[in-house]
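Visitor: below are the sequence and a predicted model for it; my questions follow.
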Amino acid sequence: MTALAAARFGYRCHVFTPEDDAPAAQVTEHCTTADWFDHPALDRFGAACDVVTYEFENIPAGVAEYVAQQVPVFPDASVLATCQDRIAEKRFLAATDAPTARWQSIANEAGLVRAVASIGRPAVLKSARLGYDGKGQTAIGADTTLSHAWSEMTDEAETAAVLEAWVDFTLEISVIVARSEAGEIATYVPVENQHEDHILRRTIAPAAIAPDVAAKADDLARRIAVKLDLVGVLAVEMFVQSDGHVLINELAPRPHNSGHWTIDACTCSQFEQCVRAIAGLPLGPTDRHADAVMENLLGSEVEHWQELAADPQARLHLYGKREARPGRKMGHVTRLSPMR
Ligand code: AMP
């Protein structure tokens, strides 16, 4: 989707991916398929590009650093390093005065026992790294055996983790913020995100929140972008509590699933905004011409694509992924309605 936005400006994209048959390669002129640590391939890739960005925060930060020796990489590799490690991210948020759930870092089972004693139950144990869509997460309920929770976590991830207090939120929202090298900032309206089994099910734009809550969310996203010295696009995921308090859940330094609605409902999508930010163009307008509901097509749901294609209200996006594994994001549908 970023490559499609770039093509509208006449830019030619080159994808680097360790994955065979990467969807982006279907719409780009060049694709290098190689391991993240294949330095000759990274060298050739860097030499072929004027600017590089990434669309997944679990790329090793060292790879972004390596490529940045040759060609500008935006957002900076340090932003990637902060956002791919929950401990680094939470420390950064604390230093930014951006509120989060109470948390503690944990290195071993004894640390988990201490953290649960101090934070209490219910809580959520999350691996520090390589977690997304609920992977590497375990709920700690009243009856959870901590040794079991710890071994489950360390089975699939590394040993560093965080324990977070359970947040009794009324709504999950996100703000997509873009920032240019010149320091220009643009945000999209806060949207509501509904998850099922930890995976984003639907995004509703705009979120039904009071104007002061929306203003607080917008301000937090802007402050985080400035403090990170962001160049590019960042999603800030937040919890809204019943008293209107806003807590940051996590950051993703790239165009985000909760911003896909902007393709159909805004003059300038999050993807175009990303291209503008990294290419040194002025940022585009972020206002919307319609309200929108975006639904993900997960796994076999994509098989209904013909019905959706026949629905005049549905803007259908299919990603060209070959295998519809359960829970895999295969595409999305956006439905527009007049602005409230
Ligand atoms: P994450 O991978 O951290 O975004 O978590 C995935 C989803 O799990 C979130 O979108 C929430 O729905 C839920 N979740 C994560 N952390 C908490 C928490 N501390 N309290 C309540 N729900 C949570």
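Guide: Alright, I've got the coordinates. Bear in mind that the values here come from a model prediction, so they are computed numbers and not experimental data. Numbering: from 1, shown residues only.

Visitor: could you count how many residues lie near Leu163?
Guide: Using other Cβ atoms under 10 Å, Leu163 has 25 neighbouring residues. From N, CA and C alone the C-beta is placed, and that goes for glycine too.

Visitor: secondary structure element for it?
Guide: In the assignment (DSSP states H and E), Leu163 maps to strand 161-165.

Visitor: average pLDDT for that strand?
Guide: Throughout strand 161-165, pLDDT has a mean value of 96.

Visitor: elements contacting the very next helix or strand once past that strand?
Guide: Sequence order places strand 169-179 as the next helix or strand after strand 161-165, per DSSP H and E. For strand 169-179, the packing partners by 3 or more Cβ pairs under 8 Å, 6 or more residues apart in numbering; DSSP states H and E come out as strand 185-187, strand 191-196, helix 211-228, strand 232-241, strand 246-252, helix 270-279.

Visitor: make it 6 Å
Guide: Secondary structure elements in contact with strand 169-179, counted by 3 or more Cβ pairs under 6 Å, 6 or more residues apart in numbering; DSSP states H and E, are strand 185-187, strand 191-196, helix 211-228, strand 232-241, helix 270-279.

Visitor: and of those, who's closest to the ligand?
Guide: strand 191-196 (4.5 Å; Cβ to the nearest ligand atom).

Visitor: re earlier: I'd like the helices and strands packed on strand 169-179 as CSV, with mean pLDDT, distance to the ligand and mean neighbour count appended.
Guide: Converted to CSV, the helices and strands packed on strand 169-179 look like this (pLDDT from 0 to 100; distance: least, Cβ to the nearest ligand atom, whole Å; neighbours: other Cβ atoms under 10 Å):
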stretch, mean pLDDT, distance to the ligand, mean neighbour count
strand 185-187, 98, 20, 19
strand 191-196, 98, 5, 17
helix 211-228, 98, 15, 18
strand 232-241, 98, 6, 24
helix 270-279, 98, 18, 25
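
Visitor: how about Tyr193, nearest residue that isn't a chain neighbour?
Guide: For the record, residue 193 is Asn, not Tyr. With sequence-adjacent residues excluded and distances taken as Cβ to Cβ, 6 or more residues apart in numbering, Asn193 is closest to Glu172, at 4.7 Å.

Visitor: one more: Asp212?
Guide: Closest to Asp212 by Cβ to Cβ, 6+ apart is Gly244, at 7.0 Å.

Visitor: that older thread, okay, and the beta partners of the residue nearest to Asn193?
Guide: With DSSP bridges applied, the residues forming beta bridges to Glu172 are Phe239.

Visitor: count of residues packed around it?
Guide: The burial count assigned to Glu172 is 20, neighbours taken as other Cβ under 10 Å.

Visitor: tell me where the stretch 1-150 of the chain has strands.
Guide: Under the criterion DSSP state E, counting those that start in this stretch, strands of the stretch 1-150 of the chain are mapped to 14-17, 30-33, 103-106, 123-127, 137-140.
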